[in-house]
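> Sequence isn't available, so here's the structure alone:
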């Protein structure tokens, strides 16, 4: 499980981003599609890190609303 940020993009698509995995961003026409796509992107990102022998960053993000 990873925390993600989801927000409307300027092009009308929903953008989903995983801040603890730099560059792990996806999008979709709907929120559900964006969430589905980011789950796949996270899985592939972690798989690639593992295959390449890199450490997998912890998901220790704390969101604070100010």
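Perfect, I can see it now. Keep in mind that this is a model prediction, so the values were computed, not measured.
> quick one: buried residues of stretch 1-16?
2, 4, 14-16 (16 or more other Cβ atoms under 10 Å). C-beta here means a position set from N, CA and C on the backbone, and glycine is covered the same way.
> Flag the least confident of these.
Of all the buried residues of stretch 1-16, residue 2 has the smallest pLDDT value, namely 94.
> What spatial separation is found between residue 28 and residue 49?
Going from residue 28 to residue 49 by Cβ to Cβ, to the nearest Å gives 23 Å.
> Of the two, give the one with the bigger neighbour count.
Legend: neighbour count by other Cβ atoms under 10 Å for residue 28 and residue 49, higher for residue 28 (18 against 14).
> Correct me if wrong: that one contacts residue 34.
Yes - judged on Cβ atoms under 8 Å, residue 28 makes contact with residue 34 at a distance of 3.5 Å.
> Between these two, which contacts overlap?
13-14, 16 (Cβ atoms under 8 Å, 6 or more residues apart in numbering).
> residues touching residue 13, list them.
Residue 13 touches 27-29, 34, counting by Cβ under 8 Å, 6+ apart.
> quick one on the thing from earlier: any chance of JSON lines for the buried residues of stretch 1-16, columns distance to residue 53 and secondary structure?
Below are those laid out as JSON lines (distance: Cβ to Cβ, whole Å; DSSP: H, G, I helix; E, B strand; the rest coil):
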{"residue": "2", "distance to residue 53": "21", "secondary structure": "coil"}
{"residue": "4", "distance to residue 53": "25", "secondary structure": "coil"}
{"residue": "14", "distance to residue 53": "34", "secondary structure": "strand"}
{"residue": "15", "distance to residue 53": "30", "secondary structure": "strand"}
{"residue": "16", "distance to residue 53": "27", "secondary structure": "strand"}
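> Which pair of those residues spans the longest distance?
Spatially, the most separated pair among those is 2 and 14, at 16.9 Å (Cβ to Cβ).
> In helices, which of the contacts of residue 13 appear?
Mapping the contacts of residue 13 onto helices (DSSP state H) picks out residue 34.
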